[in-house]
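# Sequence first, predicted model second:
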There are 2 protein chains.
Amino acid sequence: MAAYALGWSDADGTPQEAGGGKNLRPAIAMLCAEAVGSPAESALPGAVAVELVHAFSLVHDDIIDHDERRRHREALWKAYGVGPALLAGDSLLALAIDQVAGDSVAMRYLSRALVELVRGQTEDMAFENRPWTGPGEVSAQEYVEMAAGKTGGLLGAAAAAGVVLGGAPGLAERMWTMGRELGVAFQIIDDLLSMWGDPAVTGKPIHNDLRRGKKTFPVIAALAPPAPPAAALLAAARPAGRAARELSALLAVGVLDDDAVRRAARLVTEAGGRAAALDQARLHLATAMEIADECLPAATELRDLCLSLIDRSH
Amino acid sequence: MAAYALGWSDADGTPQEAGGGKNLRPAIAMLCAEAVGSPAESALPGAVAVELVHAFSLVHDDIIDHDERRRHREALWKAYGVGPALLAGDSLLALAIDQVAGDSVAMRYLSRALVELVRGQTEDMAFENRPWTGPGEVSAQEYVEMAAGKTGGLLGAAAAAGVVLGGAPGLAERMWTMGRELGVAFQIIDDLLSMWGDPAVTGKPIHNDLRRGKKTFPVIAALAPPAPPAAALLAAARPAGRAARELSALLAVGVLDDDAVRRAARLVTEAGGRAAALDQARLHLATAMEIADECLPAATELRDLCLSLIDRSH
């Protein structure tokens, strides 16, 4: 089951060549170790740990979200049942921890990432039950904090463990922050892909998030009123304002059929949510790159890898 | 949800005075720290960690086993849903790890316990699909290895973390072994309680394990043929041999109704399974006590606590 979850084999055990994930997190850990002058291999326990935690979180997330597809195949719980998949997830996490348990500095960052991961995941789940607009609506700021936990914590741990195991623990705290900023950018791009990505590339059904009422950044941005009162009056008269009001009315209905979901996605674009999300992702990426440039000026490969995250969207 | 899982509150948030668990694992950690001459409080991070891991494992086990009752109340997943309960379990584990992440020696034992826990739990689940008798039957030895992982690992980590945090890391390895032996005894007593305990005391429906085909020690022992061939011939002629054959035929049917389950429990006693289980539990407890006496000769409270585990059964 672990081999299936990691994309190494089919459900019947046949080895699989392609598939699997992007190995983004282990790549960050190893590039960070190299950037501080150590062999990439010095970060191996941290690299393995973050990839196993990532696999654990996908296995459990798919159970929590009832997602039946993952990477063009059935989700693990769909292929093997909820109980076995839950336990396989726990096993991946146990093995992850075992990788770095002996290094208390790297372990501290992995542990922090785990706490952040479950906090972000809990907030994300709680957001689903909150309204799109009005009292109790999810703000852009709340979204950013959720994403910094759910997605940023583990990227932060990857970068921090990389420099720690590479022999430069003094840079760990800054790299943790770098990873968290990167995570926010990454999560917003994921939101964009869920609405406008090619299912043949993403491996997941389109508009999944919208259908289930997930509070993604493009929709939050589309619905958020412009800050200054004068701008708001102006905006209400513009097509963007009209699209936002129409979107708000549509989402208030609750369960959306295929037509409604497609219309909602179009309205998000018209209301400026798509552009605002891309701007926001670029902003967090820029902050991450600033920290990377300052701490690891020679790390061009790390820089290229991080920049490629934005390119997933278009 | 964590407060509910720990027995601190009802599902509606009302604080609960009674309830909760026995706090056996934190008690072991703190008594071990005292036994090596440190204040009990020195073991607090380890004590909190092992209790949180225990809570995590109960929450996930109830989902995996479809157990609807726990400590006289609804199981967490029954009260809040599978997804939220799964995530609450993950959160308890994340917080547990965070307690000891900074101490690499204590962390090593907690990590080992986690790996053992998921190994034992996986074996326990796999045993359910294996036959009671014949090729592929679960041996007493396999049961002991499963229980040493599923139940013993965390007790081992509790004892080891206790002496490590109490300032005597040199004793940790022996205390790990002590906890694992204790765990086997503890698990066998749990099996006995599941068959002959008072549901008003255990908080769980009786014969739950038997109904679901769980390979518990009393049944394994009842069905196991006596080792020497001569004894086997003799035994087959005795009431115990007849009871074992009758039990085997009954269990081969598969799904058992209430009458059949009661008859099976009676046959386990007649076939000597109940007595053999108690003997086996006492054997592992004696090994654990030998190690404790040797490493921590003055630890009378620890000794009393461990001995009280056997008294749960009668």
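Here it is on my side, so go on.
# May I have the phi/psi pair for residue A:14?
Main-chain torsions, residue A:14, degrees, to the nearest 10: phi -60, psi 130.
# Distance-wise, check it relative to residue A:3.
Summarising the geometry, the distance separating residue A:14 from residue A:3, computed by Cβ to Cβ, to the nearest Å, is 10 Å. The C-beta positions use only the backbone N, C-alpha and C, and glycine is treated the same way.
# On the three-state scheme, the spatially closest residue to residue A:167 that is not a sequence neighbour is what?
Using Cβ to Cβ, 6 or more residues apart in numbering or on different chains and skipping the chain neighbours, the partner closest in space to residue A:167 is residue A:38 (5.4 Å). Here residue A:38 takes the coil state, with states given by DSSP: H, G, I helix; E, B strand; the rest coil.
# What number of neighbouring residues does residue A:38 come out with?
Using other Cβ atoms under 10 Å in any protein chain shown as the criterion, residue A:38 is surrounded by 18 other residues.
# for chain B, what are the nearby residues on the stretch 101-250 of chain A?
In this structure, the stretch 101-250 of chain A approaches chain B at residues A:101-104, A:107-108, A:110-112, A:114-115, A:117-119, A:121-122, A:125, judged by Cβ under 8 Å from any Cβ of the partner chain.
# Now do the residue in the stretch 151-300 of chain A positioned nearest to chain B: how many residues are near it, please.
Closest to chain B within the stretch 151-300 of chain A is residue A:153: 10.1 Å, counting by Cβ to the nearest Cβ. Using other Cβ under 10 Å, the number of residues around residue A:153 comes to 28.
# Next: the one 10 residues further on.
Per other Cβ under 10 Å, the neighbour tally for residue A:163 reads 31.
# Tell me the spatial nearest neighbour of it, not counting adjacent residues.
Taking Cβ to Cβ, 6+ apart as the measure, residue A:163 lies nearest to residue A:171, with 4.4 Å between them; neighbours along the chain are not counted.
# How about residue A:190?
Using Cβ to Cβ, 6+ apart and skipping residues adjacent in sequence, the residue nearest residue A:190 is residue A:151, 7.6 Å away.
# what do you get for residue A:179?
In this structure, residue A:179 finds its nearest non-sequential neighbour in residue A:156, 3.2 Å apart by Cβ to Cβ, 6+ apart.
# again with residue A:68
For residue A:68, the nearest residue in space outside its immediate sequence neighbours is residue A:78; the separation is 4.9 Å by Cβ to Cβ, 6+ apart.
# Spit out the contact partners of the residue nearest to residue A:167.
The neighbourhood of residue A:38, defined by Cβ atoms under 8 Å, 6 or more residues apart in numbering or on different chains, consists of A:165, A:166, A:167.
# For the stretch 1-150 of chain A, which segments count as helices?
Secondary structure of the stretch 1-150 of chain A (DSSP state H, counting those that start in this stretch): helices located at A:2-5, A:24-35, A:44-65, A:76-80, A:82-100, A:104-127, A:140-147.
# Among those, which comes closest to residue B:303?
Taking Cβ to Cβ as the criterion, residue B:303 comes closest to helix A:82-100 out of the helices of the stretch 1-150 of chain A, the separation being 30.9 Å.
# so residue A:1 touches residue A:77, yeah?
No. In this structure, residue A:1 sits apart from residue A:77 without contact. The criterion is Cβ atoms under 8 Å, and the distance is 10.1 Å.
# So for those two, which sits in the more crowded spot?
Each of residue A:1 and residue A:77 has its neighbours counted (other Cβ under 10 Å); residue A:77 has more, 23 against 19.
# For that one, report the pLDDT, please.
For residue A:77, the model assigns a pLDDT of 96.
# Leaving out sequence neighbours, find the closest residue to it.
residue A:85 (3.8 Å).
# isn't that neighbour right up against residue A:61?
No. When contacts are counted by Cβ under 8 Å, residue A:85 is not listed as touching residue A:61 (11.1 Å).
# For these two, work out which one has more neighbours and name it.
More neighbours sit around residue A:85 than around the other of residue A:85 and residue A:61, counting by other Cβ under 10 Å; the figures are 24 against 21.
# and the more buried one, what does it touch?
By Cβ under 8 Å, 6+ apart, residue A:85 lies in contact with A:1, A:59, A:62, A:63, A:75, A:76, A:77, A:79.
# The second one - nearest residue in space that isn't next to it in sequence?
Just to be clear, that refers to residue A:59. Across the structure, with Cβ to Cβ, 6+ apart as the measure, the residue nearest residue A:59 apart from its sequence neighbours is residue A:89 (3.8 Å).
# Relative to residue B:99, how far out is the one you found?
For residue A:89, the distance to residue B:99 equals 21 Å [Cβ to Cβ].
# Settle it for me: which of these two has more neighbours?
For residue A:89 against residue B:99, the residue with the higher neighbour count under other Cβ under 10 Å is residue A:89, and the figures read 28 against 23.
# ok, now which ones touch the more buried one?
Shown in contact with residue A:89 (Cβ under 8 Å, 6+ apart): A:5, A:56, A:59, A:60, A:63, A:76.
# Please name the nearest non-neighbouring residue to residue A:254.
Ranked by Cβ to Cβ, 6+ apart and with sequence neighbours excluded, the top spatial neighbour of residue A:254 is residue A:213, at 8.0 Å.
# Quick check on that neighbour: phi, psi?
The phi and psi values for residue A:213, taken as degrees, to the nearest 10, are phi 80, psi 20.
# Repeat that for the one 3 residues further on.
Per-residue torsions, residue A:216: phi -90, psi 160 (degrees, to the nearest 10).
# Give me the nearest residue to it, chain neighbours excluded.
Counting by Cβ to Cβ, 6+ apart, the residue nearest residue A:216 is residue A:191, at 3.8 Å.
# Return the set of buried residues in the helix or strand harbouring that neighbour.
If you go by DSSP states H and E, residue A:191 is part of helix A:172-196. Buried residues in helix A:172-196, counted by 16 or more other Cβ atoms under 10 Å in any protein chain shown: A:172, A:174-196.
# Likewise for stretch A:11-25?
Going by neighbour count (16+ other Cβ under 10 Å), the buried part of stretch A:11-25 is A:21, A:24, A:25.
# who are the neighbours in contact with residue A:221?
So residue A:221 contacts A:140, A:272, A:273, A:276, A:277, A:280 (Cβ under 8 Å, 6+ apart).
# Buried only: go through those residues for me.
Here, 16+ other Cβ under 10 Å leaves A:272, A:273, A:276, A:277, A:280 buried among the contacts of residue A:221.
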